[in-house]
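Chemist: Pasted the sequence and its predicted model underneath.
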Amino acid sequence: MPASILEEVDHLFDATAIRERHALRTLLNCPSCGSVHVAQVLGDNGGVSYVCTACGHSWS
């Protein structure tokens, strides 16, 4: 158990920083233009598809 609330807060900030770094590594890039501006959408058959909001390219 931490000796102070400040130690606990530091621990939480460290965990958040690790999650944010991991999230940045898992970003999708558009295979057409390379943009990271990608939205996840539901496909017609219920599957998951992606669309680039920069160039309009879509894929699944």
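Modeler: Here it is on my side, so go on. Residues are numbered from 1 along each chain as shown.
Chemist: For stretch 36-44, buried residues please.
Modeler: Within stretch 36-44, the residues that count as buried by 16 or more other CB atoms under 10 Å are Val38. (Each C-beta comes from the backbone N, C-alpha and C, glycine too.)
Chemist: residues making contact with it?
Modeler: 27-30, 48-54, 58, 60 (CB atoms under 8 Å, 6 or more residues apart in numbering).
Chemist: same thing with stretch 49-60?
Modeler: 28, 30-33, 35, 37-43, 47-48.
Chemist: what about 10 Å?
Modeler: Stretch 49-60 has contacts (CB atoms under 10 Å, 6 or more residues apart in numbering) with 28-43, 45, 47-48.
Chemist: now the helices: where do they sit in this structure?
Modeler: 5-25 (DSSP state H).
Chemist: Beta-bridge partners for the residue lying closest to Tyr50 once chain neighbours are set aside, please?
Modeler: Excluding its sequence neighbours, the residue lying closest to Tyr50 (CB to CB, 6 or more residues apart in numbering) is Val38, at 5.3 Å. Val38 forms beta bridges with Cys52, as assigned by DSSP bridges.
Chemist: For Ser49, grab the count of nearby residues.
Modeler: 14 (other CB atoms under 10 Å).
Chemist: Model confidence for it, exactly?
Modeler: Ser49 carries a pLDDT score of 90 in this model.
Chemist: what does Gly34 give?
Modeler: 91.
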